[in-house]
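**Student:** Return a 3D structure for these sequence lines:
(one chain, ligands or ions: 1)
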Amino acid sequence: MKVKRFSSMDDLYSHAVATIVEAKNNGATTFGLATGGTMEPLYAKICKTDIDFSHCISFNLDEYVGLEATHQQSYAYYMNKHLFNQKPFLASYLPDGLAVDPLVETARYEGLLQQYPLDFQLLGIGQNGHIGFNEPGTSFASLTHLVTLEESTRQANARFFSSIDEVPTQAYTMGIQSIMRAKCILLLAVGEAKREVLERLLASDYTEDVPATALSKHPNVMVLTDLQEEENKL
Ligand code: F6R
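**Tutor:** Here you go, the predicted model:
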């Protein structure tokens, strides 16, 4: 796992854009995408470039259960607002939060991912180490599945809703194995709240208690962070 630390957020996000452009120039056409606060400046920057995704396919990591695509907190809405309206892809897939049968929906999504293997996966990270919505304890062998969100995750995401009661309790997410199949992974860990989990990740732990540590066995992961190494740490 390679790590690059930045003292300027602008440099960090410029580097992230450059990494995506390089992947595209090297032939990547299938992109796994993430949502969340970390990704907003990245998508804003991408929208200011002339990067063209019109021959590419995107897959989002996750979607809340119970929110329709037009709901302002659905990830479908987020993606349209922050990226797809300005930078359309040939096709963009997300799990369907309103699917009637979770087993059918997860099999459908996983089937699409196997049909169009991911060349590139973008990841944020939760304070508890989640990637996608794979909460601590998720099997590293997991495929796309339905999850019950941890209370800490609902609280962290409550800032996007008018109250915590409105935060859905379940979501669909790509599994850890679905994510690990991507050829190349770019993880952004931004902000002081991510310090502890980043340290755990970089310590090369490998434990299902911290889902992101699965990445330590992936051959091509780049982590970008604004967190500097703590000096004089005893
Ligand atoms: C979102 C996702 C999540 C977020 C993580 C960090 O699609 O997959 O794993 O990346 O919760 O969220 P922020 O960036 O809001 O701190």
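
**Student:** hmm, the longest helix seen in the chain touching the ligand?
**Tutor:** Ranked by residue count under DSSP state H, the longest helix found in the chain is helix 9-25. No. Judged by CB under 6 Å from any ligand atom, helix 9-25 stays clear of the ligand, getting no closer than 12.7 Å. Yep, even glycine has a C-beta here, placed from its N, CA and C like the rest.

**Student:** ok, then the element right after that helix?
**Tutor:** Proceeding N to C from helix 9-25, the next assigned helix or strand is strand 30-33, under DSSP states H and E.

**Student:** now the strands for this protein?
**Tutor:** Along the chain, counting by DSSP state E, strands occupy 2-5, 30-33, 57-60, 62-64, 91-93, 120-123, 145-148, 170-173, 184-189, 221-225.

**Student:** Now do the buried residues in the first one.
**Tutor:** By neighbour count, with 16 or more other CB atoms under 10 Å as the criterion, the buried positions of strand 2-5 are residue 3.

**Student:** can you give me the offset of that strand from its chain's centre?
**Tutor:** 18 Å (CA atoms, centre = their mean, to the nearest Å).

**Student:** Neighbouring strands - and their directions - for it?
**Tutor:** Sheet pairing of strand 2-5 (DSSP bridges) gives strand 221-225 (parallel).

**Student:** Would you mind putting the CA coordinates of the strand it pairs with into CSV?
**Tutor:** C-alpha atoms of strand 221-225 as CSV (Å, rounded to 0.1, in the frame of the first residue of the first chain):
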residue,chain,number,x,y,z
VAL,A,221,-3.7,0.5,-3.4
MET,A,222,-2.8,4.2,-3.1
VAL,A,223,-3.8,6.2,0.0
LEU,A,224,-4.0,10.0,-0.1
THR,A,225,-4.3,11.8,3.2
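
**Student:** residues in contact with that strand?
**Tutor:** Contacts to strand 221-225, defined as CB atoms under 8 Å, 6 or more residues apart in numbering, come from residues 1-6, 12, 15-16, 19, 184-190, 194, 198, 201-202, 215.

**Student:** and if we set it to 7 Å?
**Tutor:** Strand 221-225 has contacts (CB atoms under 7 Å, 6 or more residues apart in numbering) with 1-6, 12, 15-16, 19, 185-190, 198, 215.

**Student:** Could you provide the strands of the chain in CSV, with additional columns for mean pLDDT and distance to residue 160?
**Tutor:** Formatted as CSV, those follow (pLDDT from 0 to 100; distance: least, CB to CB, whole Å):
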stretch, mean pLDDT, distance to residue 160
strand 2-5, 97, 28
strand 30-33, 98, 17
strand 57-60, 98, 16
strand 62-64, 98, 10
strand 91-93, 98, 21
strand 120-123, 98, 19
strand 145-148, 97, 18
strand 170-173, 98, 13
strand 184-189, 98, 18
strand 221-225, 98, 22
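
**Student:** Do you know the pLDDT at the nearest residue to residue 9 once chain neighbours are set aside?
**Tutor:** Leaving aside its sequence neighbours, residue 9 sits nearest to residue 226 (CB to CB, 6 or more residues apart in numbering; 5.9 Å). Residue 226 carries a pLDDT value of 98.

**Student:** This completes my enquiry, with thanks.
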